[in-house]
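Student: Let's see this in three dimensions:
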Amino acid sequence: MTPTPSTPVAARLVLQRARGRYRTQTQLSLCLLTAAAAWALTGAYHRWPPQLPLLLGIGTAGLALLAAALWPLRRVDAAWAARRLDRHFPELEDSTGLLLTEPATLLGQLQQQRVAERVVALPLAAALPGPWRWRLLPTALVALLGAALWQWPPVAAPAAPNLAPHFPSAPLPPAAAVPAPRLLGTAVRIVPPAYTRRAAAAAPQLSFRCPYGSLVRWTLRLSGPGPAPQLLLAGQRPVSFRAVAGQAATYVAEYRFTRSALYRLQVAGRPSDDYAVDVQPDAAPTLRLLAPRPYTLLERRQPPAVTVRTELRDDYGLTRARLVVTTAQGTGEAVKFREVVMDLSPGLRSQPRQHRTATILRLPALGLTYGDELYVYAEAWDAAGHRTRTDAALVQWQDTAATADDVAAISLGVNQMPAYFRSQRQIIIDTEKLLAQRRTLPPAEFRARANSLGDDQKILRLRYGKFLGEEGDHAMTEAAQTLPIAEDDSAEPAAHTDDDGHDHHAAAPTAEGGLPTAESLLTPYQHLHDDAETAGFLEPQVKAKLRAVLSQMWDAELRLRLAQLPEALPYENRALRLLKQVQQQTRLYVRKSGVELPPLPEAEKRLTGDLSKAAAPRRQGQQTVSETHLAIRRALPLLAAYRAGRRPAPADLARLRPAGQDLGSAALREPGRALPALRAWRRLLGQVQAARPAAPADLDAVERALTQLLPPPTPAPQRAPAPPLARRYFQELSR
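Tutor: So this is what the prediction gives:
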């Protein structure tokens with residue numbers, strides 16, 4: 001059987017028609033969906049004209065999606081259609097690609113003829129269905145949405161209110177060839193700074209409030225061409241209006257306000273009334289350090305970590321914040337400081353007006369150890385660049401290192417006392433108290449507390465031993481222990497003998513052969529501090545009693561160390577009595593010297609009843625008060641005269657006008673508050689100039705404003721009320 005060449009050609013034509021139909025349906029469905037979306041976007045713009053930027057963004061995104069959907073169509077060719085048919089029809093035996101080539105073998109030609117016959121007979125529309133079917137439903141829905149948006153009435157943009165400034169009555173200018181233009185409409189638009197994130201809005205009145213740094217735009221519509229209007233700002237140079245291109249007799253002027261001010265609109269040479277612009281300053285951020293407390297001590301058992309909590313607030317939004325941690329390591333002059341900064345700005349990307357932070361400071365991670373300190377505070381910035389910081393909080397890690405100043409105390413296991421020491425009377429009281437608690441205390445605790453009392457007795461003994469020349473912690477000399485002790489002053493120390501154990505340098509030691517030794521040669525030139533006989537400047541009797549006191553303290557300490565409290569009490573009491581005797585013995589009486597007044601003549605003054613010099617003293621004086629605001633003080637009586645019925649006269653203007661300067665200065669400081677009084681003041685001046693009676697409302701407003709500008713009066717000195725007992729006393733004297 002010879003293959004028929006017309007069959008593969010027909011199959012290729014069928015394959016190309018199926019591929020073309022698929023591309024056309026895909027492109028047509030995408031175009032219909034795009035047209036429906038454009039219809040809906042135009043309807044949305046018809047409904048919400050102010051949302052044009054948002055709608056343009058949506059349209060741009062739709063065009064990008066359309067391009068992404070059309071981009072895969074460039075790969076829809078004959079080979080793509082052949083692969084699609086092989087996957088959909090198993091009877092083609094994956095041989096549809098033979099229709100696109102010319103087989104070189106007889107077997108290939110036979111297979112090509114066989115596939116071509118099947119391709120011509122198969123329904124290729126089912127294998128290459130266009131995606132237009134599932135796109136019909138979204139296209140219809142979007143088109144219906146666009147139709148609904150077109151049917152709704154459009155929302156007109158809020159028009160700026162037409163403000164009408166008031167022009168005070170003035171004499172009309174002489175007739176001219178061209179009449180002066182009239183003001184038909186006034187609009188004021190406020191554009192806040194971008195960092196405030198406030199939308200531009202129209203001012204409802206000519207007097208308005210605006211944030212700091214706002215750009216204010218005035219738009220004036222006149223009845224015809226004429227001289228350009230001017231914006232008159234108090235204390236500033238006039239700002240000329242400029243003509244708006246494409247709009248006849250329309251003028252615009254702009255000014256950026258950084259402080260409150262008063263302004264006027266001058267049209268055709270006529271100024272309007274004063275209007276106030278109240279500028280709201282941008283406040284600095286407000287910070288609170290919630291944790292830790294101003295001083296925190298981390299003890300040994302607590303975890304070495306501190307949580308720092310802060311609360312940040314701002315009127316327009318926060319932009320940056322940080323924690324500043326300063327570490328202090330070392331002691332004395334070897335302290336090292338290091339500053340660590342932790343950024344808190346990641347939580348402020350949306351510029352919130354209120355934000356709270358919590359940061360955990362781990363002391364070992366900061367390189368700190370026991371005894372080190374750290375200081376932490378927070379800082380914050382707003383969008384305007386204002387900076388605020390909190391007070392620093394101190395965190396101290398407790399030092400657990402134990403130090404002992406006394407080696408003997410360490411060997412005995414005695415707790416070291418602070419720098420202060422107990423008195424002998426307090427030691428006796430503590431001993432008696434411990435004896436009373438002996439039955440309720442464990443033996444080990446009783447011995448420990450008794451040993452602690454012995455340590456207190458030792459410290460007191462060493463303190464009194466310094467008066468006898470003792471410079472170290474050593475035992476009392478044997479001579480002090482052998483002195484007889486009595487409970488009264490009748491006890492006298494025994495006299496020294498040659499065999500009492502003391503070295504009196506009676507005879508210098510010599511070496512063998514009668515020659516002096518080195519010690520004997522140096523002894524006359526040495527100054528021995530532990531010689532109790534030559535130490536201090538006390539009398540011999542006082543020294544003897546002090547040695548007796550130290551001996552009693554030594555015996556009391558010995559028995560306290562052995563927990564023999566009943567045996568220690570007599571020694572403690574004798575030491576206290578001897579100390580009191582030493583105190584009385586060392587006291588001196590010095591007669592006070594001074595002026596000796598003559599004795600009072602009692603016979604002349606007594607029982608005479610003379611009360612001429614017993615009255616309470618009276619002091620009188622005159623104090624001059626410096627007059628301030630003289631212009632206001634001169635104007636207020638004139639206003640009171642107008643209220644009483646006096647008729648104003650033009651001559652009164654010289655007395656009233658100086659007070660207007662103080663009122664104008666107050667209006668510049670607080671325009672919104674002082675502006676009504678300033679307007680009433682100008683109306684009052686007009687009435688005075690025209691010699692007309694002043695309006696009561698204007699008089700009230702002006703008089704109230706001028707009175708508030710005066711400083712509070714200095715309170716007059718008043719006599720303090722006497723106590724009831726003193727009043728009764730003087731009443732009895734005056735009988």
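
Student: what's the residue sitting nearest the centre point of the chain sitting at in phi/psi?
Tutor: The chain has Leu287 as the residue nearest its centroid, 2.3 Å off, counting by CA atoms, centre = their mean. In terms of degrees, to the nearest 10, the main-chain angles of Leu287 are phi -120, psi 140.

Student: Give me the spatial nearest neighbour of it, chain neighbours excluded.
Tutor: Thr390 (4.8 Å; CB to CB, 6 or more residues apart in numbering). Any C-beta I mention is one placed from the backbone N, CA and C, and that applies to glycine too.

Student: what about that neighbour, how many neighbours?
Tutor: Around Thr390 there are 19 other residues, counting by other CB atoms under 10 Å.

Student: and what of Thr307?
Tutor: Using other CB under 10 Å: Thr307 sits among 11 other residues.

Student: Also the one 5 residues further on?
Tutor: Around Leu312 there are 25 other residues, counting by other CB under 10 Å.

Student: Surely it and Gln354 touch.
Tutor: Yes. The pair Leu312 / Gln354 is scored as a contact, 7.0 Å apart, by CB atoms under 8 Å.

Student: ok, now how distant is Tyr45 from Cys31?
Tutor: 21 Å (CB to CB, to the nearest Å).

Student: picking that back up, tell me the contacts of the residue nearest to the centre of the chain?
Tutor: Leu287 makes contacts with 310-313, 378-380, 388-390, as judged by CB atoms under 8 Å, 6 or more residues apart in numbering.

Student: swap the cut-off to 6 Å and go again
Tutor: 312, 378, 380, 388, 390 (CB atoms under 6 Å, 6 or more residues apart in numbering).

Student: before we move on, what about Val395?
Tutor: Val395 sits in contact with 292, 296, 306, 374, where contact means CB under 6 Å, 6+ apart.

Student: Going by distance to Ile428, which of those wins?
Tutor: Thr296 (41.6 Å; CB to CB).

Student: residue ranges with poor pLDDT in the stretch 601-735 of the chain?
Tutor: Residues of the stretch 601-735 of the chain that meet the criterion pLDDT under 70 lie in 603, 605, 623-628, 717.

Student: Now do the helices in it.
Tutor: Taking DSSP state H, counting those that start in this stretch as the criterion, the stretch 601-735 of the chain contains helices spanning 602-605, 630-644, 653-669, 671-689, 696-709, 724-733.

Student: and what of the stretch 101-250 of the chain?
Tutor: 106-121, 124-127, 132-151.

Student: rank the ones you listed by mean pLDDT and give me the bottom one.
Tutor: Among the helices of the stretch 101-250 of the chain, helix 124-127 has the lowest mean pLDDT, at a mean of 56.

Student: Please parse this protein into its domains.
Tutor: 6-151, 183-280, 316-397, 423-495+529-585, 649-709 (automatic domain parsing).

Student: for the record, mean pLDDT for the second one?
Tutor: For domain 183-280, mean pLDDT is 89.

Student: Arg362 reaches Val306, doesn't it?
Tutor: No. With contact defined as CB atoms under 6 Å, Arg362 does not count as touching Val306 (8.3 Å).

Student: Compare those two and say which is more crowded by neighbours.
Tutor: Per other CB under 10 Å, whichever of Arg362 and Val306 has more neighbours is Val306, with 22 against 11.

Student: My read is that the more buried one contacts Leu361, right?
Tutor: Yes. Judged on CB under 6 Å, Val306 makes contact with Leu361 at a distance of 4.7 Å.

Student: on that earlier part again, how far away is the residue nearest to Leu287 from Tyr295?
Tutor: In terms of CB to CB, Thr390 sits 15 Å off from Tyr295.

Student: Also Tyr571?
Tutor: 46 Å.

Student: So for the two, which sits in the more crowded spot?
Tutor: Taking other CB under 10 Å, Tyr571 and Tyr295 do not tie; Tyr571 has more neighbours (21 against 9).

Student: For the more buried one, which residues are in contact?
Tutor: Counted by CB under 6 Å, 6+ apart, Tyr571 has contacts 552, 555-556.
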